[in-house]
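# next input, structure requested:
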Amino acid sequence: MGIYDKLNHISRRDLFRVAGRYGMSSTLLAAGGFGGAMSLANLANAAESTYEKRFAKEPKFTLKFGAAGFNARNLLIERAGALEFARDLESRTDGEIRVEFIGDNQICGQVSCVEKAQQGIVDIYAASTQNSAGGAPYLNVLDYAFMFRSRADQYHFLYHPKSQELLREPYERRHGLKFLFSHAELRGIQLGLSWEDKPTVTSIEELFGTKNRVTGTQLGRIAMTALNLNPVPVAWEETLDGLKQGLIDGAETWASAVAYANMSPVVSQSVHLDFFCGTEHTAMNAGVFDSLGGELQDAVMESSYWSQVHVQAANEAALVKTVGLSDPILPNTIFAQNNVRNAFLSKEERRKAEEMCSPEFQPQLWEDWRERLNGWSGGLDTYQEIYNIAREIDEDTLPENVEPRRWWKA
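Below you'll find the predicted structure:
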């Protein structure tokens with residue numbers, strides 16, 4: 001089906017017409033769970049069926065899910081698992097929990113969702129940990145440069161029981177939020193149209209002096225500064241215009257983010273520097289979680305685990321078949337249709353970048369933040385511990401082959 005996903009035959013107006021009758025959550029949940037291309041009549045029938053099922057009984061809890069700019073269309077490109085989680089949780093609890101999914105930046109955006117969740121305006125949120133790090137600085141713990149070699153390393157850590165004490169517990173203790181699950185990619189530099197006629201980037205030196213958008217992550221800025229990539233804070237929602245107008249040379253983000261946010265028309269090269277995390281996570285207000293009671297808390301955790309497993313498989317497939325992260329790029333993918341070139345750096349070039357900016361080789365650059373994060377964790381050496389866990393698996397392990405584990409069970 002390529003990028004012509006199952007909703008492409010339905011206009012935004014028709015989508016809202018169906019949502020006006022059955023509610024946006026029922027409509028999106030129905031659309032997200034539908035196989036194959038979808039007509040307006042099919043969508044209306046599916047939305048009605050979903051609505052009747054969801055509203056067959058009064059829920060004990062109705063949870064607002066603020067999903068930044070996500071919707072049923074773009075969650076088929078970047079498979080972050082938000083709709084699957086909502087659908088599974090409702091089903092698993094037999095309607096005891098109802099989830100009101102609010103995407104398309106209607107209630108919160110990439111930077112603000114974390115604060116809205118802390119304030120209780122939303123109960124669950126989905127956004128990148130890097131954008132959320134402004135409101136929840138402990139999330140910087142994922143962003144040490146070259147701590148993860150691959151997406152497999154990232155998934156291995158997310159499933160690992162020690163992710164509890166290294167990531168989840170300090171995050172909950174300091175910020176009142178429960179880290180549920182995440183997609184996993186690694187960030188590179190997405191170059192704008194001024195690089196369209198230039199040769200495909202093969203060395204880190206070619207990027208020196210370029211001006212690039214950076215997220216809310218403090219640690220990402222350390223790495224970019226060390227690599228002479230001139231980090232410029234630009235809101236995610238403004239990055240497209242910045243690239244289009246040439247105000248920045250590139251953006252620090254990952255492949256499926258370019259694809260889902262419709263940035264591909266203004267990106268010419270996706271440079272896979274893979275220098276730190278791109279993690280589109282879902283988290284929950286810890287007070288709300290605590291209020292659910294044991295049985296429903298167990299359901300949230302099991303739905304989180306199920307969603308993590310789903311994301312691991314689905315996003316790996318979508319990267320190749322929908323986004324175009326492969327060599328050669330498959331036809332009809334988003335990158336192929338927009339003439340985005342993949343620039344894969346050699347192991348030697350990535351090593352050169354690592355030696356310029358990582359805590360292993362440039363420890364002085366990281367001292368202040370490392371000390372701060374170690375203190376927040378309760379005295380753990382956060383970088384070294386996560387680095388070691390990531391290397392428990394072979395370097396060439398495929399991400400889809402990482403063994404899923406319930407991280408909260410030893």
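
# any idea how far residue 243 lies from residue 68?
19 Å (Cβ to Cβ, to the nearest Å). For glycine as for every other residue, the C-beta is placed from the backbone atoms N, C-alpha and C.

# again, but for residue 43
Distance from residue 43 to residue 68, counting by Cβ to Cβ: 23 Å.

# same question for residue 241.
Distance, residue 241 to residue 68, by Cβ to Cβ: 18 Å.

# where are the low-confidence patches of the protein?
Applying pLDDT under 70 to the chain flags the ranges 1-9, 32-38, 51.

# which residue is nearest the centroid of it?
residue 280 (1.6 Å; Cα atoms, centre = their mean).

# who does that one form a beta bridge with?
Beta-bridge partners of residue 280, counted by DSSP bridges, are residue 128.

# state the phi and psi torsions of residue 199.
Main-chain torsions, residue 199, degrees, to the nearest 10: phi -60, psi 160.

# from residue 228, how far off is it?
Using Cβ to Cβ, residue 199 is found at 19 Å from residue 228.

# higher neighbour count, the two?
Neighbour count, other Cβ atoms under 10 Å: between residue 199 and residue 228, residue 228 has more, with 14 against 10.

# give me phi/psi at the more buried one?
phi 60, psi 40.

# please apply the same query to residue 81.
According to degrees, to the nearest 10, residue 81 has phi 80, psi 10.

# distance of it relative to residue 186?
18 Å.

# more crowded one of the two?
Neighbour totals were compared for residue 81 and residue 186, and residue 81 leads with 29 against 21 (other Cβ under 10 Å).

# show me the contacts for that one.
Contacts of residue 81 were listed using Cβ atoms under 8 Å, 6 or more residues apart in numbering, and they are 181, 183, 282, 307, 308, 310, 311, 314.

# can you give the domain ranges for the chain?
The chain resolves into domains spanning 12-137+164-184+278-305, 186-277+321-401 when parsed by automatic domain parsing.

# residue 147 is nearest to which of the ones you listed?
domain 186-277+321-401 (5.2 Å; Cβ to Cβ).

# does the residue nearest to the centre of the chain touch residue 183 like I think?
Yes - counting by Cβ atoms under 8 Å, residue 280 does reach residue 183; the two are 4.5 Å apart.

# which neighbours do those two share?
78, 80.

# rewinding a little: compare residue 43 and residue 68 (neighbour count), which wins?
Between residue 43 and residue 68, counted using other Cβ under 10 Å, the more crowded position is residue 68 (28 against 25).

# much appreciated, bye for now.
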